[in-house]
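# would you be able to build a 3D model of this:
(2 chains)
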Amino acid sequence: MNDQLLIGVLGLQGDIEENIKAATNALAEMNQIGKVISVRYPEEIMKIDGLIIPGGESTVMGLLIAIKTGLLDSLSQVLQKGLPIMGTCAGMIVLAKKSYDRVVGNKKQLLLGALDIEIERNSFGRQFDSFESNIDISGIGNDFRGIFIRAPSVISVGPQVQILSKFDEKIVAVQQENIIGTSFHPELSGDNRMHKLFIESIAKWKKANNH
Amino acid sequence: MTISQVGAIPLSKGIKMSTVGGKQTTSGTALIKRGFAHMQKHGVIMDVTNVEQAQIAEDAGAVAVMVLDKLPFDVRSAGGVARTASVKVIQAVIDSVSIPIMAKCRIGHFSEANILEEIGVDMIDESEVLSPADEIRHIWKWNYTTPFVNGAKNLGEALRRIDEGAAMIRTKGEPGTGDVSQAVTHIRMVNNEIGKLKGIYDNKDDQELIRTSRELQSSLEIVKETGRLGRLPVVNFAAGGISTPADAALLMNLGCDGIFVGSGIFKAEDPLERAKAVVIATTYHDDPQTVLEAQKMIDEKKSMLGLDTKNLDLRMQERGPKI
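This is a model prediction of the structure:
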């Protein structure tokens, strides 16, 4: 219908505004017309062209997805139609198939199962061990500032999953078709290349699906 | 950058560098510490005194738990000196929940803070709920890799704490009372002062900026940045007296980034349902219909009775160093 992209950031908990800002800046740098909004209701989820699940606490987002009538259904529906989704840190956990905590072990929590990966939560340790470092991301370069805050890592991946980045032998970024997951917070690095990569996939997907 | 790093001291003691897999990593930077606080946004941090309460809080959707020896309400009734919680209790909570663990230390008591950092808590609250240990100075928080949260009842206090390295601010309110009025007063105070400061900044009135920085007893750098942003340069949560979903929604609607609930949950008779309800109301604070749904989950007859903030023996917000 038009070239304008409508990008949603799941607005339940976490660094929602930071992702809105990063995606908005990415759109501007790409000269791409579009808008980024916070989404908390099923009807909002149904009308977006791409979804970002932000950083925060995955257990909290899971609970809020489960509790709000229709929200889980709408997310399942957009997953079914192949909507591009990017999850950063907690967002990647929410998208995963399996997850356990490094210290506490298995924790009952809602996962969308869209990424065929298993997650180890708090994989690099507690906040004291949170860190920043340059990382190597395929398709982007070796100079991306990775912001790891109580970050998870990917322990194993299914056959459809492409590994985009590893740090110290741990998998920290993956892609499965239109779905991207990162252990780190690209929205906090002041570098919008990851968000741009995601927006490109949204534009492609929209073109293919809307004509 | 989406997170302000103005005021950060570049080579402070809290910054740790190492090499991992051939790459240089840096921990304890302002970005990593303030970034942690940003991950708590739109969430509810709950006071707990044991493992059982911590697990209830996690199941109810708490974004983090704050470990104390006694809930603020009990600190008031017990009297005496309130200190940091038992190491055993904090460690047991760390081993039992997957969300971040915070713990309180006394104002100025950097040895309690050192202990909390050694145990591995994710954030330290230098808190007026405990008995202050230093009447002149707060902790110099740039010395720590672990981020700190501090209370503030006005803009000057908030900016002085940020100058000292706080990665997060919360209103002081009057803890343990079940009365939100003081928290409301404090957030309104901060908002009004920021509004005024923003006006000065937008007018490019340098003389007035310097005068304001002297009035606020805070560094010019952080005063300017606050004027530029039109908000605090770090995340600002509400705390003190929040007991119901409606209370949480009220403070979120006044512009807070998230909520601390102290005695309000575990001094009520319906902690699990109430905790969940407060979480929902925090996220959907601007949607009266959903806040109503949350408010329906609790029974006012089960709320903590609370204390009248006008007749308190102990006003926690007045404790600690004046500057």
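
# what are the ranges of the helices in chain A?
If DSSP state H is used as the criterion, the helices of chain A fall at A:16-29, A:42-47, A:58-67, A:71-80, A:90-95, A:193-210.

# check residue 206 and give its pLDDT.
In the absence of a named chain, chain A is used. On the pLDDT scale, residue A:206 is placed at 95.

# that's the wrong chain, I meant chain B
pLDDT recorded at residue B:206 is 97.

# any idea of the mean pLDDT in stretch B:2-11?
Averaging pLDDT along stretch B:2-11 gives 92.

# what about it and chain A, touching?
Yes - Stretch B:2-11 reaches chain A (Cβ under 8 Å from any Cβ of the partner chain) through B:2, B:3. No exception for glycine: its C-beta is placed from N, CA and C like everyone else's.

# on that earlier part again, redo the helices of chain A as JSON lines? Include distance to chain B and mean neighbour count.
Converted to JSON lines, the helices of chain A look like this (distance: least, Cβ to the nearest Cβ, whole Å; neighbours: other Cβ atoms under 10 Å in any protein chain shown):
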{"stretch": "helix A:16-29", "distance to chain B": "4", "mean neighbour count": "21"}
{"stretch": "helix A:42-47", "distance to chain B": "12", "mean neighbour count": "15"}
{"stretch": "helix A:58-67", "distance to chain B": "4", "mean neighbour count": "24"}
{"stretch": "helix A:71-80", "distance to chain B": "11", "mean neighbour count": "16"}
{"stretch": "helix A:90-95", "distance to chain B": "7", "mean neighbour count": "29"}
{"stretch": "helix A:193-210", "distance to chain B": "11", "mean neighbour count": "18"}
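
# for those helices, which one sits closest to residue B:307?
Nearest to residue B:307 among the helices of chain A is helix A:58-67 (30.1 Å), distances taken as Cβ to Cβ.

# now what about that closest one, what contacts it?
The contact list for helix A:58-67, computed with Cβ atoms under 8 Å, 6 or more residues apart in numbering or on different chains, reads A:10, A:12-14, A:53, A:71-72, A:75, A:90-91, A:93-94, A:99, A:107, A:109-112, A:121, B:43, B:58, B:60-63, B:98-99, B:276, B:279-280, B:283.

# next, the angle from that helix to helix A:71-80.
Interaxial angle, helix A:58-67 versus helix A:71-80 (axes from the mean of the first three to the mean of the last three Cα atoms, to 10 degrees): 100 degrees.

# now helix A:58-67: average pLDDT?
Mean per-residue pLDDT for helix A:58-67: 97.

# restricting to C-alpha, output that helix in CSV.
C-alpha atoms of helix A:58-67 as CSV (Å, rounded to 0.1, in the frame of the first residue of the first chain):
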residue,chain,number,x,y,z
SER,A,58,12.2,-11.9,30.5
THR,A,59,10.1,-13.3,33.4
VAL,A,60,8.2,-10.1,33.7
MET,A,61,7.5,-9.7,30.0
GLY,A,62,6.4,-13.4,29.9
LEU,A,63,4.0,-12.8,32.8
LEU,A,64,2.5,-9.7,31.2
ILE,A,65,2.1,-11.4,27.8
ALA,A,66,0.3,-14.3,29.5
ILE,A,67,-2.0,-12.0,31.6
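
# how far does that helix sit from the chain's center?
The chain centroid and the centroid of helix A:58-67 are separated by 15 Å, computed with Cα atoms, centre = their mean, to the nearest Å.

# repeat for stretch A:181-189
Remark: stretch A:181-189 is offset 8 Å from the chain centroid, using Cα atoms, centre = their mean.

# sec struct for the residue nearest the centre of chain B, please.
Compute the mean C-alpha point of chain B, and by Cα atoms, centre = their mean the closest residue is residue B:170, 3.6 Å away. Three-state call for residue B:170 (DSSP: H, G, I helix; E, B strand; the rest coil): strand.

# distance of the residue positioned nearest the centre of chain A from chain B?
In chain A, the residue lying closest to the centroid (Cα atoms, centre = their mean) is residue A:87, at 0.9 Å. Using Cβ to the nearest Cβ, to the nearest Å, residue A:87 is found at 14 Å from chain B.

# these two touch, right, that residue and residue A:182?
Yes - the criterion here is Cβ atoms under 8 Å, and residue A:87 meets it with residue A:182 at 7.4 Å.

# can you list contacts of the helix or strand encompassing residue B:156?
Per DSSP states H and E: residue B:156 is located in helix B:155-163. Contacts to helix B:155-163, defined as Cβ under 8 Å, 6+ apart, come from residues B:7, B:138, B:150-152, B:169, B:189-190, B:193-194, B:197, B:215-219, B:222-223, B:226, B:232-234, B:236, B:323.

# 7 Å instead?
Residues outside helix B:155-163 that contact it (Cβ atoms under 7 Å, 6 or more residues apart in numbering or on different chains): B:7, B:138, B:150, B:152, B:169, B:190, B:193-194, B:216-219, B:222-223, B:226, B:232-234, B:323.

# so which of those residues are in helices?
B:190, B:193, B:194, B:222, B:223, B:226.

# before we move on, back to that, joint contacts of residue A:87 and residue A:182?
Counting by Cβ under 7 Å, 6+ apart, nothing touches both residue A:87 and residue A:182.

# the helices in the stretch 51-200 of chain B, which residues?
B:51-59, B:72-78, B:87-94, B:110-119, B:155-163, B:181-202 (DSSP state H, counting those that start in this stretch).

# many thanks, we can stop here.
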